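[1] Quick one, what's the 3D model for this:
(2 chains)
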2 protein chains.
Amino acid sequence: MDSICRANMKDLTVTMEEVPEPYKGLGGRGLTSAIVHGEVPPTCHPLGPSNKLVIATGLLSGTTAPSSGRLSAGGKSPLTGTIKESNAGGTASAEISRLGIAAIVVENQPTDGALYTLVLTPDGAQLVSADALKGMGNYDAVAKLTEDYGEKASYITIGPAGEMKLAAASIAVTDRENRPTRHAGRGGLGAVMGSKGLKAIVVDSGDRKVSVHDPDACLAAARRLTELLGEHPVTGEGLPTYGTNVLANVINEAGAYPTRNFSDGNFEGTEKISGETQRDTILEREGTATHACLPGCVMRCSRIYNDENGEYLTKGPEYETVWAHGADCGIDDLDAIAQMDRLDDDYGLDTIEMGVAIGVAMAAGVKAFGDAQGAIELLHEVGKGTPLGRILGSGAEVTGRVFGVPNVPVVKGQGIPAYDPRGIKGIGVTYATSTMGADHTVGYSVAPNILKVGGDVDPLRPEGQADLSRGLQIATAALDCTGLCLFTAFCILDRPEAMDAIRDMLNAKYDWELSADDISALGQKVLKIEREFNAAAGFTAADDRLPDFFKEEPLAPHNVVFDVPDEDLDAVFNF
Amino acid sequence: MDSICRANMKDLTVTMEEVPEPYKGLGGRGLTSAIVHGEVPPTCHPLGPSNKLVIATGLLSGTTAPSSGRLSAGGKSPLTGTIKESNAGGTASAEISRLGIAAIVVENQPTDGALYTLVLTPDGAQLVSADALKGMGNYDAVAKLTEDYGEKASYITIGPAGEMKLAAASIAVTDRENRPTRHAGRGGLGAVMGSKGLKAIVVDSGDRKVSVHDPDACLAAARRLTELLGEHPVTGEGLPTYGTNVLANVINEAGAYPTRNFSDGNFEGTEKISGETQRDTILEREGTATHACLPGCVMRCSRIYNDENGEYLTKGPEYETVWAHGADCGIDDLDAIAQMDRLDDDYGLDTIEMGVAIGVAMAAGVKAFGDAQGAIELLHEVGKGTPLGRILGSGAEVTGRVFGVPNVPVVKGQGIPAYDPRGIKGIGVTYATSTMGADHTVGYSVAPNILKVGGDVDPLRPEGQADLSRGLQIATAALDCTGLCLFTAFCILDRPEAMDAIRDMLNAKYDWELSADDISALGQKVLKIEREFNAAAGFTAADDRLPDFFKEEPLAPHNVVFDVPDEDLDAVFNF
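    Predicted coordinates:
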């Protein structure tokens, strides 16, 4: 029987309890959202004692399911004020599952500003002082923790940004090489962790295994999914070969690659920062061009990026990171972008939010567009916690407010990622209506709009985009419960058998009898919970909108505005 | 027939038009709110081209009405995102009225970042370059303008804060001595003016007079109101003798004087910054202890504050200013507070928002509570536009976000002023429900809660506060249409004949036949317009709340929390 582990940061107690009835059958995002909905007052201050940080494993975490093991973090977001779930790869989720823990709920906060580490092992759970880690970047913190707890443990940490409670602060999860490269980036959950005085979570499951009701059936279904993932051109070929940054040329060619704070849809420097160039650079420097961020991943879209001397610098920056620190800031220097990726990972910052914030600052003239060294300096300001750094680390919206910039690409306070909603209208619907603020991962309409995966809907026409986003948001909410990587969806959208395999794995693990409809219903349930929280926090249809400039200022080269009618946006949650 | 003057800042044209039908019969706040409601898209960016800055005269402006001549500024607020009206004394409103202008509507924005001055005289209206005023403080800007346009003109200006589009930027209006001491402070309308590229408005009515249908009847009613104001202990004695800061001791004794970022209800240094001490200091230095901020004021609550050498420093800082830069920051140095008042007026900043923002910054440890020189330095940072200054100049909410402070005293993003809502629950209802964000002036429940003016409702009990706030908000919205100073309300609340005199003046000026009910209906109409705008901008009942810490953390010395039920708050606009 899985447990909820509650860490009370005021009296420094850790308790285990059986998963309460209302949370049963949920995992990942479904579980974080249900706990936040059930236990956090929607109007509370995200950095106050009433908010909770919830860290949940996916339903299939630790099993033989391929590309599973995403770890969900949830809470009320200091960036958006909405409910928030952000998930990361790495090794921690499986480790937590092996300890029989479905979720860690971090409650209350210390009154003395002290820092703690939560240690979870088969011997129990305890909070120990983390004062020795104070102010450390994620890399140093993990190195120090590894000295104490060993190579086998997984580490979940925050950097200085989280300690400073900056709204762009991420939560880092170690990868298979014990590097803090996988981040629950969006929405500032690192700041919530910081506000709880929690610097780190150490998880070592020893020789524990997750319990699976019917291991053979689970393995058989896992093998079927593995096979299907290998057969699909995106998951079997595109992602392993070029990683996520395969999209740079694709989106630029579609005229939807947001350039210099969303003032253009084409970036003249795309070739220099594309996935193809990145691959060549990695191979040239003897990095790793195909790498799994978590055990058992068959898509292996991660990579290892070495510097000019062939020394490890950072993981291969993802498409959104390359865009955020690249095109959005007019920067075409891949090494500079990789350095920024490393700084973000070390300071504990969301790469997307930081790139968008720096783009807004550049629009205000703080640095010139294209000034790669200037952008790197800005990230160091964040790490040092200077006033300028704190502005940027508070995200794009605050940066826009402080510098008086009217064109600030955010929805519900969260920076819009790497796809211009004027050029890919389906993703604009998702940005506008997502329960999380602008987020491409919660309903990736780019697939049918551009990649022709899971359908074919003209990206430049408003018609049909709301229906598309609705279906994708429901399916994604369900998928986010399982702990499977979102990228399995490329395959699922085209091959219904893949969803059957997932259903079979869930049924095999839990002795359930889920149908495909039940899985869709799960997605709807999660979205409804999230919408309910947001409504109680004060969000209305008026918040489900893109900033006006997307509706008023045409985007080159197609000279299009975002023209999906408000009624369509308001119909996304009609189910 | 009065006109609307429209200044289009894109093509630099100024046109006059007859007041359109839907705006007829409105003045002051009623007129600004109707125009903003009618012409500004509720979801637009406050600093973008779609917002408008509306400057309107009161219905009685320029007549013989005593203590009339408040000038209303309106627009969508960059601080709160709501509709906003903020009004100021000074001489400009009467001058504008004499030119037959009911409102100035500033539309669109220049694309080249240039600055302009709008010049209004009997010869017409035009926009001229204000590049020579760029970056100037209000004092220098007015001095320079006076060289060109003379002592008789009135000046409406913004300082560097408005040019920088900071959300705490005010709009300054010159007083009878041609000093920029009267400010439409709240809500950042100075930033809206800055975003329009409008540095100044010069108004010289020459020998024009306002037209009054029945001057004798108007004068007779004005004399009656003058007499009543003279008889009332607050308007006839307290305000002329001690100014608004007479309240410091009163509110401190009531245990509701917010101290060190709202962590206490008593300030140990109150005596040193009280109205009584301020009066003694002013008299000792041969300042002016009783002064009218606008022509024809009988309450004369303004004053002139000299420095230690007997040289003019600033106008007598108001109660809220003394509190904001004093008790809220733990500062008990009256001269330092007066210097900050001068800096706020010169840089063009809302004194309340700045004090609250600095209090939040002190809670974060940016400076220590009580550090008067540190607070002065912070204001200079704002004037210089450093990152730290821009944070503070963006208001208390942004300051709290950037520095990760959970206890941020704001409602709808606007800093809560000088009365703790736990100790004076009636004003808490007004803060929570106001259409403007936290604002004491829109329904001053302090009068019946503490001063026993207009009733007697126990400040510490939740019962009856919603009814109180409702009545006061309606009456205030009506009063704010007339251009009469809010302080006439002290008299009106106790002496119904005062309202009769106001009604008679309106009827005499416009040949109307208003009843008392019509005036109340006017107040209701204004509030409904404002609520409608806010609803369309996305505000809901969840926004009509105080921050949770007021409900959870008891305030000394009474150890009370804010416990007016949400249902009561939601019933305030039931009319």
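
[2] So residue A:86: helix, strand or coil?
    In three-state terms, and counting by DSSP: H, G, I helix; E, B strand; the rest coil, residue A:86 is strand.

[3] what pLDDT does residue A:1 get?
    With respect to pLDDT, residue A:1 scores 62.

[4] Same question for residue A:111.
    As predicted, residue A:111 sits at a pLDDT of 85.

[5] list the contacts for it?
    residue A:10 (CB atoms under 8 Å, 6 or more residues apart in numbering or on different chains). C-beta: built from backbone N, CA, C; applies to glycine.

[6] Residue A:256 belongs to a helix, doesn't it?
    No: under three-state DSSP, residue A:256 falls outside any helix and is assigned coil.

[7] My read is that it contacts residue A:422, right?
    Yes: counting by CB atoms under 8 Å, residue A:422 is a contact partner of residue A:256 at 7.4 Å.

[8] Which neighbours do these two have in common?
    Shared contacts of residue A:256 and residue A:422, counting by CB under 8 Å, 6+ apart, come down to A:265, A:555.

[9] Okay, residue A:568 and residue B:434: tell me how far apart.
    34 Å (CB to CB, to the nearest Å).

[10] Between these two, which has more neighbouring residues?
    Between residue A:568 and residue B:434, residue B:434 has the larger neighbour count (other CB atoms under 10 Å in any protein chain shown), namely 26 against 21.

[11] And the more buried one, what's its pLDDT?
    98.

[12] Same question for residue A:527.
    Residue A:527 is assigned a predicted lDDT (pLDDT) of 98.

[13] What does it show for phi and psi?
    Here is the backbone geometry of residue A:527 (degrees, to the nearest 10): phi -60, psi -40.

[14] any idea which helix or strand carries the closest residue to it other than its chain neighbours?
    The shortest distance from residue A:527 to any non-neighbouring residue, by CB to CB, 6 or more residues apart in numbering or on different chains, is to residue A:477 (5.1 Å). Assigned by DSSP states H and E, residue A:477 belongs to helix A:465-482.

[15] so after that helix, what's the next helix or strand?
    For helix A:465-482, the following helix or strand on the C-terminal side (DSSP H and E) is helix A:488-494.

[16] contact partners of stretch A:486-497?
    The contact list for stretch A:486-497 (CB under 8 Å, 6+ apart) reads A:66-67, A:70, A:224-225, A:228-229, A:231-232, A:234-235, A:239, A:299, A:301, A:441, A:444, A:447-448, A:451, A:453-455, A:475-476, A:479-480, A:498-499, A:502.

[17] ChimeraX command for the buried members of those?
    ChimeraX command restricting the contacts of stretch A:486-497 to the buried ones, with burial defined by 16 or more other CB atoms under 10 Å in any protein chain shown:
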select /A:66,67,70,224,225,228,229,232,234,235,239,299,301,441,444,447,448,451,453,454,455,475,476,479,480,498,499,502
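
[18] and the contacts of stretch A:486-497, which of them are in helices?
    A:224-225, A:228-229, A:231, A:239, A:475-476, A:479-480, A:498-499, A:502 (DSSP state H).

[19] From what I see, residue A:81 and residue A:537 are in contact.
    Yes: Residue A:81 lies in contact with residue A:537 (CB under 8 Å); the separation is 6.1 Å.

[20] Outside of stretch A:234-244 itself, list whatever touches it.
    A:229-230, A:246, A:275-276, A:278-279, A:289-290, A:298-303, A:316, A:318-320, A:451, A:453, A:487-488, A:490-491.

[21] now for the helix holding residue A:477, which elements pack on it?
    Applying 3 or more CB pairs under 8 Å, 6 or more residues apart in numbering or on different chains; DSSP states H and E, we find helix A:465-482 packed against helix A:28-39, helix A:425-433, helix A:488-494, helix A:496-510, helix A:516-536, helix A:566-570.

[22] So which bits of that helix are buried?
    By neighbour count on 16+ other CB under 10 Å, the buried set for helix A:465-482 is A:465-466, A:468-482.

[23] Up against chain B, what does the stretch 351-500 of chain A have?
    Proximity of the stretch 351-500 of chain A to chain B, by CB under 8 Å from any CB of the partner chain, involves residues A:386-388, A:390-391, A:394, A:398, A:401-408.

[24] Nearest to residue A:562 among these?
    Nearest to residue A:562 among those is residue A:407, at 13.3 Å by CB to CB.

[25] residues in contact with the closest one?
    Residues in contact with residue A:407 (CB under 8 Å, 6+ apart) are A:261-263, A:363, A:400, A:547, A:549, A:553, B:45, B:48.

[26] want to try JSON lines for these, with neighbour count, pLDDT and secondary structure as columns?
    Shown next, in JSON lines, are the contacts of residue A:407 (neighbours: other CB atoms under 10 Å in any protein chain shown; pLDDT from 0 to 100; DSSP: H, G, I helix; E, B strand; the rest coil):
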{"residue": "A:261", "neighbour count": "24", "pLDDT": "98", "secondary structure": "coil"}
{"residue": "A:262", "neighbour count": "24", "pLDDT": "98", "secondary structure": "coil"}
{"residue": "A:263", "neighbour count": "18", "pLDDT": "98", "secondary structure": "coil"}
{"residue": "A:363", "neighbour count": "22", "pLDDT": "98", "secondary structure": "helix"}
{"residue": "A:400", "neighbour count": "26", "pLDDT": "98", "secondary structure": "helix"}
{"residue": "A:547", "neighbour count": "24", "pLDDT": "96", "secondary structure": "coil"}
{"residue": "A:549", "neighbour count": "22", "pLDDT": "96", "secondary structure": "helix"}
{"residue": "A:553", "neighbour count": "13", "pLDDT": "97", "secondary structure": "coil"}
{"residue": "B:45", "neighbour count": "21", "pLDDT": "95", "secondary structure": "coil"}
{"residue": "B:48", "neighbour count": "19", "pLDDT": "95", "secondary structure": "coil"}
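
[27] and of those residues, the nearest to residue B:327?
    For these, the nearest to residue B:327 is residue A:400 (32.6 Å; CB to CB).

[28] Surely the closest one is in contact with residue A:358?
    No: assessed by CB under 8 Å, residue A:400 is found out of contact with residue A:358, at 11.9 Å.

[29] helix, strand or coil for residue A:156?
    At residue A:156, secondary structure determined by three-state DSSP is strand.

[30] And residue A:289, by the same measure?
    Going by three-state DSSP: residue A:289 is strand.

[31] which residues touch it?
    If you count contacts by CB under 8 Å, 6+ apart, residue A:289 has them with A:241, A:243, A:279, A:282-283, A:303, A:316.

[32] correct me, but the residue nearest to residue A:527 touches residue A:436?
    No: using CB under 8 Å as the test, residue A:477 is too far from residue A:436 to be in contact (10.6 Å).

[33] so what sits against both of these two?
    Counting by CB under 8 Å, 6+ apart, the contacts common to residue A:477 and residue A:436 are residue A:442.

[34] and the stretch 51-200 of chain A, which residues reach chain B?
    Counting by CB under 8 Å from any CB, the positions of the stretch 51-200 of chain A adjacent to chain B are A:78, A:164-167, A:191, A:194-195.

[35] Can you tell me which of the residues you listed lies closest to chain B?
    Proximity of those to chain B (CB to the nearest CB) peaks at residue A:165, which lies at 3.0 Å.
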